[in-house]
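>>> Structural data only, the sequence is not supplied:
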């Protein structure tokens, strides 16, 4: 149910013109009609922050995000008997990394030579123990069922996913609210009570009362050039961290290279892949997307030789990241795109089609599902009662800290989304509708609108550019050593302490950028602190000063949480263990 | 620059909703799509692919803002 409070007086004529649309928008969502039909607005360049309206919605299960994890969370949560509301910063099937993933893994026991046990063991060997075998197995076990459902919805019939995703959502009358950025999770009495955010189309703060929340908000990066993740800034991870959730996996990297020519052009760098319909992949375990290319570039300089698999790629310097012997034979293969695989045909991923590759196209992102909220069980429950996560928002270590199975990213998100929402629906059955005190609402609203109220401060684009300059260089993010990590941390702490509190926004677009920038700063601090702590090299984490794996001390994940003093704390959690 | 032109827009608003980074908005007078925040374009082409009339032309080139001491 969505209720909209009447405007308390609006100073801008433009906003008055839009208010009717806004109310209609909320009403349509309440009726279960996708917001896709609602007209999008122009931006509001001048907003009186004192006169922003608030809208309130209430649900059993709030799904944050509208990629493939969100899709299955909404569908399975609904089918488990819960009232579900999906809220997205973008549009169903067209935001996050889902629109660009063109391969989905399905483990079909009738077709595969490798048993399920053997598959899980092979992934664990490639991942050098960094994977959580419970999630590796879960992905494979449920993948075929999810793929069959996707097929029935028409997913494999078009390169664009909006229509296929809309079918099960419309059939069930699930409410979807799009172009709303969630910035806050709300916790009351130690449990999740809802979330809050703002519309990027109209001057409205949205408060969501929810018995449970499933974060399907993806991972993120530093708005890097050459990878389609500029809308992903670890929003879910950071808002969960702020209310006390544990976060993991921040020392890992995704080693996708980009293109030296037109480095920002994601579409061109992927050589037509975005135009293709998705396809299915089968068992093929790799040890990909680590930082071997980054090491080569660090030692010998750019340009590196590019090229298709099998082509000469120039002389390679010995040393660098350790690769398990069993997986050496595919060392020269190109890293797969997220979800992309051989069944989808077409061109190779960025940096692999000839010409000179450059590093860091996905800077700020780790291997899929190796970063995000720490799960306390196989249902994706977080350390906060009522808060669940799935897909790239969950640090499930499904694939480990290296890219192991092509197409498993998309499959894993689908599987985890469904499982988390079913658990959230069951949890919600035992909960009364939460109440959010007025003081909390006011506090959250103040925090959301603060950048709009600042007449002086720093523009989010400039702060982001500065952060990129600190974090993206190869010698900071990928080829690591203590003095430079410590130096970068000093810069990031400056942005955190001095610039984050002074981010300003001139309009709703910039308000989104301001919150995204703040989230990226927190992610940068997490990445640097975890990278300093992990004094070994393994999978996609490489330290020049500790170049070997250290299985005696480091068969452990690093969890990050906010201490009572508000500072970032880090702890080890042994592999194959759940948080105590 | 990123999105170069929008020619023959029918004002359906699909590209506005589809853009992951909120680059395109509608002109308040004409209701048609305008390139509003090109600096945030990730050149992913989703807008072009979803456009029902093929109105959007995109270039692979992107210039970045010059570096300044504060901004």
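Noted; the coordinates are in hand. Because the structure is predicted, anything quoted here is derived from the model rather than measured.

>>> For the nearest residue to residue A:94 once chain neighbours are set aside, list the residues it contacts.
Of all residues not flanking residue A:94 in the chain, residue B:18 sits nearest, at 4.9 Å (CB to CB, 6 or more residues apart in numbering or on different chains). All C-beta spots, glycine's among them, are computed from the backbone N, C-alpha and C. Counting by CB atoms under 8 Å, 6 or more residues apart in numbering or on different chains, residue B:18 touches A:91, A:94, A:162, B:46-47, B:50.

>>> Could you measure from residue B:18 over to residue A:246?
35 Å (CB to CB, to the nearest Å).

>>> Show me which residues of the stretch 101-250 of chain A sit near chain B.
When proximity is defined as CB under 8 Å from any CB of the partner chain, the stretch 101-250 of chain A approaches chain B at A:159-160, A:162, A:178-179, A:200, A:225, A:228-231.

>>> Pick the one among those closest to residue A:468.
Among those, residue A:225 lies closest to residue A:468 (CB to CB), at 8.9 Å.

>>> Any stretches of chain B with poor pLDDT?
Applying pLDDT under 70 to chain B flags the ranges B:1.

>>> Identify the bridge partners of residue A:87.
Residue A:87 has the following beta-bridge partners by DSSP bridges: residue A:64, residue A:177.

>>> near chain A, which residues of chain B?
Residues of chain B lying near chain A (CB under 8 Å from any CB): B:2, B:13, B:16-22, B:25-28, B:36-37, B:39-40, B:42-46, B:49-50, B:58, B:60-62, B:64-65, B:67-68, B:70-71.

>>> The same query, at a cut-off of 6 Å, please.
B:13, B:16-18, B:20-22, B:25-26, B:28, B:37, B:42-46, B:49, B:60-62, B:71 (CB under 6 Å from any CB of the partner chain).

>>> Now list the buried members of the residues you listed.
With burial judged by 16 or more other CB atoms under 10 Å in any protein chain shown, the buried subset of the residues of chain B next to chain A is B:13, B:16-18, B:20-22, B:25-26, B:37, B:42-46, B:49, B:60, B:62.

>>> Which of those residues fall in strands?
Taking DSSP state E, the ones among these that sit in strands are B:25-26.

>>> ok, the contacts of residue B:18 vs residue A:144, which is closest?
Nearest to residue A:144 among the contacts of residue B:18 is residue A:162, at 24.3 Å by CB to CB.

>>> So which bits of the stretch 351-500 of chain A are right by chain B?
A:459, A:462.

>>> mind redoing it with 7 Å?
A:458-459, A:461-462, A:465 (CB under 7 Å from any CB of the partner chain).

>>> so what's residue A:381 closest to, chain neighbours aside?
residue A:388 (5.6 Å).

>>> what's across from that neighbour in the sheet?
Taking DSSP bridges as the rule, residue A:388 bridges to residue A:214, residue A:381.

>>> my read: it touches residue A:378, true?
No - between residue A:388 and residue A:378 there is no contact under CB atoms under 7 Å: 11.6 Å.

>>> More neighbours: those two, which one.
The residue with more neighbours, out of residue A:388 and residue A:378, is residue A:388; 33 against 17, by other CB atoms under 10 Å in any protein chain shown.

>>> Contacts only, for that one.
Taking CB atoms under 7 Å, 6 or more residues apart in numbering or on different chains, we find residue A:388 in contact with A:212, A:214, A:379-382, A:420, A:423-424.

>>> For chain A, which element, helix or strand, carries the lowest mean pLDDT?
In chain A, the helix or strand scored least confidently by mean pLDDT, DSSP states H and E is helix A:13-30, which has a mean of 36.

>>> sorry, back to before: quick one: mark the members of the residues of chain B next to chain A that sit in helices.
Counted as lying in helices by DSSP state H, out of these, are B:16-18, B:46, B:49.

>>> pLDDT score assigned to residue A:9?
What the model reports for residue A:9 is a pLDDT of 33.

>>> same question, residue A:219
With respect to pLDDT, residue A:219 scores 98.

>>> wait, doesn't it sit right on residue A:233?
No - Residue A:219 is not in contact with residue A:233 according to CB under 7 Å; the separation is 9.4 Å.

>>> which residues do those two both contact?
Counting by CB under 7 Å, 6+ apart, residue A:219 and residue A:233 have no common neighbour.

>>> Quick check: residue A:125 touching residue A:323?
No - contact between residue A:125 and residue A:323 fails when scored by CB under 7 Å: they sit 11.6 Å apart.

>>> all helices for the stretch 201-350 of chain A, in order.
Under the criterion DSSP state H, counting those that start in this stretch, the stretch 201-350 of chain A contains helices at A:235-242, A:266-269, A:292-300.
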